[in-house]
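> mind looking at a prediction? Sequence and model below.
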Amino acid sequence: MSIYNVVDYGVTADVEQLQTVIIQRVLDMAGNDGGVVQFPAGIYRTGGLNIHGAMTIQLDKGAVLLGSDNCLDYGTGAWTEAFITGENLSSFRIIGEGTIDGVDCFNQQGEENFRGPHGILLANCRQIEIRGITIVRSANWAIYCHDCVGATLDNVTILGGHDGLHTQRCTDFVVKNCDFRTGDDAYAGSDNENFEITNCQINASCNGLHLGCLNITLQNCRFWAPGEYIHRVSGRTNMFAAICHLSPVDRNPVKLSGNWLVKDCTAENCDSLYEYNYLDGLWQTGQPVTTIKFENIIATGLKIPSIAIGDDAHQLQLTMENVTLELRDGVEKKEFLNARKFGTIALHNVKLKNAGDGPLIVCDDGDSIIIDNVKSDNKHPYLFSNVKRIDD
């Protein structure tokens with residue numbers, strides 16, 4: 001495999017001039033033979049770059065790809081543009097300990113009248129690997145993948161910007177050992193399938209996971225708020241929900257969101273643990289949720305109930321097993337769970353802490369509720385109506 005050290009091909013580090021043209025020339029050469037484009041330590045200022053062919057970008061420790069602050073250096077200022085763009089690729093990698101800095105590039109004509117290009121945009125790609133790098137100040141979504149199959153993100157850090165990883169119609173993604181601290185959703189997207197997210201740190205000023213996916217395991221992750229980077233439109237830093245369903249009607253989703261296992265996770269000071277509202281939730285009404293299980297979860301500092309409102313067919317099966325939920329001080333009169341239009345709600349070994357004297361679990365219009373060792377200080381913790389069967 002050929003190695004193309006960009007300095008050897010005329011790229012100059014640590015200068016104010018854009019190096020876009022000559023960096024692109026090196027990328028094109030490496031794309032022709034599946035080579036490695038190496039950026040040694042230094043700052044490389046550039047506009048938008050396009051990837052062609054199977055190749056690797058290697059950002060050494062201390063290497064910074066520093067974006068232009070002029071949105072027209074990435075194209076025409078269109079929403080679909082990015083700092084690094086690849087389409088129809090196979091076996092593409094970005095690796096190393098370096099940094100991609102999007103400089104919060106401003107675009108007056110962009111989304112919300114200020115968002116600029118995405119950080120990395122990959123479309124119709126196969127066998128993607130992003131490993132070790134840091135992305136800061138992305139002007140829009142840090143990593144945007146659509147219609148991609150087979151990706152591994154390992155030890156990736158995202159700081160600031162908007163959505164961290166946004167996936168649309170993607171399959172077979174593995175995300176591990178990552179640290180996302182974003183000004184919008186840390187993870188987002190819909191119509192996905194077969195995801196594994198493990199050993200990750202998740203801090204956001206919107207939602208932790210705002211996701212629609214069939215078959216997902218989320219394990220050994222930490223969610224916490226307030227966000228370290230503000231939501232730039234509203235100025236907020238609260239995390240609405242650690243996990244929130246996403247299935248917008250206008251994206252014409254076709255896949256149900258089900259077979260979720262959320263295991264061995266903690267959530268600190270998130271407003272709620274879970275939000276799913278198929279009736280009238282924002283961007284949640286395209287396709288329904290079927291099954292989700294929370295196992296070995298500790299969620300503290302909650303502000304509002306988890307919402308689980310399913311479809312008329314009562315497809316929702318929600319299980320909580322070995323779960324501790326604790327409200328933050330001052331909101332003790334809130335319930336912990338509000339569910340409607342469900343098939344089964346099953347609670348096994350659940351602890352409800354810092355509760356007031358009102359109902360803690362409120363359920364209406366469901367087929368079955370299973371209560372197995374739910375502990376709280378409340379003498380009347382349940383308010384159930386129109387439920388066909390209750391086992392306790």
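Structure received.
> any idea how far residue 247 is from residue 123?
Distance, residue 247 to residue 123, by CB to CB, to the nearest Å: 21 Å. In short, each C-beta sits where N, CA and C put it, glycine included.
> of these two, which one has the most company?
residue 247 (25 against 17; other CB atoms under 10 Å).
> list the contacts for the closest residue to the more buried one other than its chain neighbours?
Leaving out its chain neighbours, the residue that sits closest to residue 247 by CB to CB, 6 or more residues apart in numbering is residue 286, at 3.7 Å. Contact partners of residue 286, counting by CB atoms under 8 Å, 6 or more residues apart in numbering, are 190, 212, 247, 248, 249, 251, 252, 253.
> can I assume the fifth one is in contact with residue 285?
Yes - taking CB atoms under 8 Å as the contact criterion, residue 249 and residue 285 are neighbours in contact, 5.7 Å apart.
> more neighbours: which of those two?
Taking neighbours as other CB under 10 Å, residue 249 and residue 285 compare with residue 285 leading, 17 against 11.
> distance of that one from residue 250?
10 Å.
> do the same with residue 52
Distance from residue 52 to residue 250, counting by CB to CB: 32 Å.
> quick one, which of those two is more surrounded?
Remark: of residue 52 and residue 250, residue 52 carries more neighbours, 16 against 7, as counted by other CB under 10 Å.
> what are the phi and psi values at the more buried one?
According to degrees, to the nearest 10, the main-chain angles of residue 52 amount to phi -130, psi 130.
> now do the contacts for it.
Shown in contact with residue 52 (CB under 8 Å, 6+ apart): 27, 28, 31, 32, 86, 89.
> in those, which residue is surrounded by the most others?
Counting neighbours by other CB under 10 Å, residue 86 leads the contacts of residue 52 with 24 neighbours.
> which residue is nearest the centroid of this structure?
In the chain, the centroid-proximal residue (CA atoms, centre = their mean) is residue 187; its distance is 0.4 Å.
> pLDDT at the nearest residue to that residue once chain neighbours are set aside, what is it?
With sequence-adjacent residues excluded and distances taken as CB to CB, 6+ apart, residue 187 is closest to residue 209, at 4.7 Å. Per-residue confidence (pLDDT) for residue 209: 98.
> what do you get for the one 4 residues further on?
According to the predicted model, the pLDDT of residue 213 comes to 98.
> I'd like to know which elements the helix or strand it falls within is packed against.
Applying DSSP states H and E as the criterion places residue 213 in strand 207-219. In terms of contacts (3 or more CB pairs under 8 Å, 6 or more residues apart in numbering; DSSP states H and E), strand 207-219 is packed against strand 187-198, strand 241-245, strand 258-268.
> name every strand pairing with that strand and say which way it goes.
With DSSP bridges as the test, strand 207-219 is paired with strand 187-198 (parallel), strand 241-245 (parallel), strand 258-268 (parallel).
> hey, which of the ones you listed is tucked in deepest?
Greatest average neighbour count among those goes to strand 241-245 (a mean of 28), per mean count of other CB atoms under 10 Å.
> chain center to that one: distance?
On the basis of CA atoms, centre = their mean, to the nearest Å, strand 241-245 is displaced by 10 Å from the centre of the chain it belongs to.
> what's the mean pLDDT across it?
98.
> can you name every helix or strand that the helix or strand encompassing residue 158 contacts?
Here residue 158 is covered by strand 157-159, with elements defined by DSSP H and E. Strand 157-159 sits against strand 134-136, strand 179-182, with contacts defined as 3+ CB pairs under 8 Å, 6+ apart.
> next SSE after that strand?
Toward the C-terminal end, the helix or strand that comes next after strand 157-159 (DSSP H and E) is strand 165-168.
> kindly export that following strand (C-alpha atoms) in PDB.
What follows is strand 165-168 as a C-alpha-only set of coordinates in PDB (Å, rounded to 0.1, in the frame of the first residue of the first chain):
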ATOM      1  CA  LEU A 165     -23.400  10.900  14.100                       C
ATOM      2  CA  HIS A 166     -26.500  11.200  11.900                       C
ATOM      3  CA  THR A 167     -27.500   8.100  10.000                       C
ATOM      4  CA  GLN A 168     -30.300   7.700   7.500                       C
END
